[in-house]
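[1] The sequence and its predicted three-dimensional model are supplied below.
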Amino acid sequence: MTKTAVTYSFRESLSMPHQELQKRAQQFAEEVLMPYELQCEENNGLDRESLQTINQAVMDWGFNAINHSKEDGGQGLTIFEQMIVNEQLGKVTNAIWDTVFQPAFPMQFGTKQQKEEYLIPTNQGKRRDAYAITEEKAGSDPQQCLTRADRVDGGYRINGEKWFVTVGDVADYLLVHAHVDGKPELATVFFVDKDLPGVKVKRTPLYTHNFVYEHPEFIFEDVFVDDSKVLGQVGEGYDLTKDWFVEARLGIAARCIGAAIRATETANDFAANRTQFGKSIRDFQAIEFKLADMAVDIMAAKSMLYRVCWDISESKDRKVNHARAAALKLYCSEMAGRVCDEAVQILGGRGYMRENPVERLWRDVRVDRIWEGTSEIQRVIIGGQIKKRGLGLYVD
Ligand SMILES: Cc1cc2nc3c(=O)[nH]c(=O)nc-3n(C[C@H](O)[C@H](O)[C@H](O)COP(=O)(O)OP(=O)(O)OC[C@H]3O[C@@H](n4cnc5c(N)ncnc54)[C@H](O)[C@@H]3O)c2cc1C
């Protein structure tokens, strides 16, 4: 009788090159990024020197622009491979994973000149982008965007305001979503250099997490950009932004798995070693059942993530990918919220200390149910897809 190989872990079912990629990403997260966590927590960010050291390490380890082609100076990883890396990066607190820059995916549709000026130097760690869609009155409903780009001789004059611009403090240019001549049907994405006259930071609010970068609000007052600064076509803004959402949502889902795994590993170790009432707390069924539920939650989310990312790596159907990425983002972000919360509970008072990674992960993953489309908006997308295409997309 031939013995069939039995795989005991997700890792063992990966190909050798994928196992190696995973190992390298894990090593990078643990050896390069995690040592900065407490510094980042205490200072709500990292100093310039530390950021430069990390930037160099990202380049040296070959983790720069994993989401862009080699031709454009990136690493050319498939969606599945990007997921392998992002899962490991998600274990790092304070969003230090964001130093492992993955420049906005829609820039791949830029012109040769735009690639030379923006994409290639960004992929090589010399420039940094930030994506600006949200406004005071345009959140879940970006059609309410009031930022306008009025056509003038040789280009456009941009006026408006953008909120929550992640990495806006260190980025040197922004991808700004604006309505040409105030018309939503002419939504367009523009490259806007931050040092242009009329670009101002309005405010830099504080948030629940102590993130490695800031999320400032920007004002644009009569900012002139010439015709060459349009990304893609005039009127293509929503399609490009949707592409960005798909990639960003897959990244969130993968990082949520990493965060949940680290929180569960920490809770499991603690439960084994903490003694109360004369026995290890893991021997109380109340704690053991929590660990069981956390493991199953991760397993379900991870199975979904690996399957869908594998399919998306093979599929070029933008609409199907958008529909499935919404389901992944929804499920994985809600799972991470549940699991990190239980991890805090298992650690008791220690779980509430900021010096403890589970406390930071618990705070960090809260935003994953809000940004790149709230959980409610993911359900709106999924519900709409079911109505339009039937359940098959999700259940067949
Ligand atoms: C830390 C952080 C970083 C961010 N980074 C960026 C960035 O880099 N670039 C960027 O452009 N944006 C960014 N955002 C903005 C983020 O994407 C928005 O906050 C998010 O899309 C929700 O918009 P809103 O905050 O205006 O909430 P609203 O749209 O006002 O929603 C408020 C509530 O109403 C619910 N709701 C709204 N519409 C519906 C509906 N149709 N059905 C059911 N419920 C609904 C929402 O789910 C939510 O619970 C960031 C946000 C945060 C917090």
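    Arrived safely, thanks for sending. Numbers count the residues shown, from 1 in each chain.
[2] hang on, I287 packs against A343?
    No. At 11.3 Å, I287 and A343 do not qualify as touching, with contact defined as Cβ atoms under 8 Å. To be clear about C-beta, it is placed using only N, CA and C from the backbone, and glycine gets the same treatment.
[3] more neighbours, the two?
    Comparing I287 with A343 by neighbour count (other Cβ atoms under 10 Å), the higher total belongs to A343, at 30 against 21.
[4] who touches that one in this structure?
    A343 sits next to 263-264, 266-267, 294, 351, 358, 361-362 when contact means Cβ atoms under 8 Å, 6 or more residues apart in numbering.
[5] what stretches of the chain score poorly on pLDDT?
    1-8 (pLDDT under 70).
[6] quick check: domain ranges of it?
    11-77+95-103, 129-231, 238-395 (automatic domain parsing).
[7] For D226, which non-adjacent residue is spatially closest?
    Spatial nearest neighbour of D226, excluding adjacent residues (Cβ to Cβ, 6 or more residues apart in numbering): G155 at 3.9 Å.
[8] Show me the strands in the stretch 251-396 of the chain, by range?
    Ranges of strands within the stretch 251-396 of the chain are 275-276, 279-280, based on DSSP state E, counting those that start in this stretch.
[9] Out of these, which gets nearest to P121?
    strand 279-280 (54.0 Å; Cβ to Cβ).
[10] which residues touch that closest one?
    With Cβ under 8 Å, 6+ apart, strand 279-280 has contacts from 271-274.
[11] Next, format these as CSV and append distance to the ligand.
    Below are the contacts of strand 279-280 laid out as CSV (distance: Cβ to the nearest ligand atom, whole Å):
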residue, distance to the ligand
A271, 32
A272, 35
N273, 35
R274, 33
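[12] Highest neighbour count among those residues?
    Neighbour max across the contacts of strand 279-280 (other Cβ under 10 Å) = A271, 20 neighbours.
[13] Wait, that residue touches I281, no?
    Yes. A271 lies in contact with I281 (Cβ under 8 Å); the separation is 5.2 Å.
[14] So which residues of the chain form helices?
    Taking DSSP state H, the helices of the chain run over residues 16-27, 37-43, 48-60, 79-89, 112-114, 120-123, 237-273, 285-314, 318-347, 357-364, 375-389, 392-395.
[15] got JSON lines for those, with distance to A178 too?
    Supplementary listing: those in JSON lines, determined by distance: least, Cβ to Cβ, whole Å:
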{"stretch": "helix 16-27", "distance to A178": "36"}
{"stretch": "helix 37-43", "distance to A178": "33"}
{"stretch": "helix 48-60", "distance to A178": "29"}
{"stretch": "helix 79-89", "distance to A178": "29"}
{"stretch": "helix 112-114", "distance to A178": "17"}
{"stretch": "helix 120-123", "distance to A178": "21"}
{"stretch": "helix 237-273", "distance to A178": "8"}
{"stretch": "helix 285-314", "distance to A178": "29"}
{"stretch": "helix 318-347", "distance to A178": "22"}
{"stretch": "helix 357-364", "distance to A178": "31"}
{"stretch": "helix 375-389", "distance to A178": "21"}
{"stretch": "helix 392-395", "distance to A178": "32"}
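[16] ok, now which ones touch Q345?
    Counting by Cβ under 8 Å, 6+ apart, Q345 has contacts 290, 351.
[17] can you do 10 Å?
    267, 286-287, 290, 351-352, 358, 362 (Cβ atoms under 10 Å, 6 or more residues apart in numbering).
[18] Without its sequence neighbours, what residue ends up closest to Y394?
    A327 is the one closest to Y394 (Cβ to Cβ, 6+ apart), at 6.3 Å.
[19] Actually, L330.
    Excluding its sequence neighbours, the residue lying closest to L330 (Cβ to Cβ, 6+ apart) is Q378, at 3.8 Å.
[20] And F191, by the same measure?
    Per Cβ to Cβ, 6+ apart, closest to F191 is K229, 4.5 Å.
[21] Number of residues surrounding the nearest residue to T111 once chain neighbours are set aside?
    In space, and not counting its chain neighbours, T111 is closest to S228: 7.3 Å by Cβ to Cβ, 6+ apart. Applying other Cβ under 10 Å, we find 12 residues neighbouring S228.
[22] for Y118, same thing?
    Y118 has 23 nearby residues by other Cβ under 10 Å.
[23] ok, it - contacts?
    103-104, 107, 110, 127, 129, 172-173, 175, 191, 193, 229, 231.
[24] if we can go back for a sec, any idea how far the residue nearest to F191 lies from the ligand?
    Distance, K229 to the ligand, by Cβ to the nearest ligand atom, to the nearest Å: 18 Å.
[25] do the same with K162
    K162 is 7 Å from the ligand, by Cβ to the nearest ligand atom.
[26] My guess is that residue contacts P142. True?
    No. Applying Cβ atoms under 10 Å as the test, K162 and P142 come out as separate, 11.2 Å apart.
[27] list the residues that contact both of those two?
    133-135, 177.
[28] Output those residues in a markdown table, with distance to T147 appended to each entry.
    What follows is the shared contacts of K162 and P142, written out as a markdown table (distance: Cβ to Cβ, whole Å):
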| residue | distance to T147 |
| --- | --- |
| I133 | 9 |
| T134 | 10 |
| E135 | 6 |
| H177 | 7 |
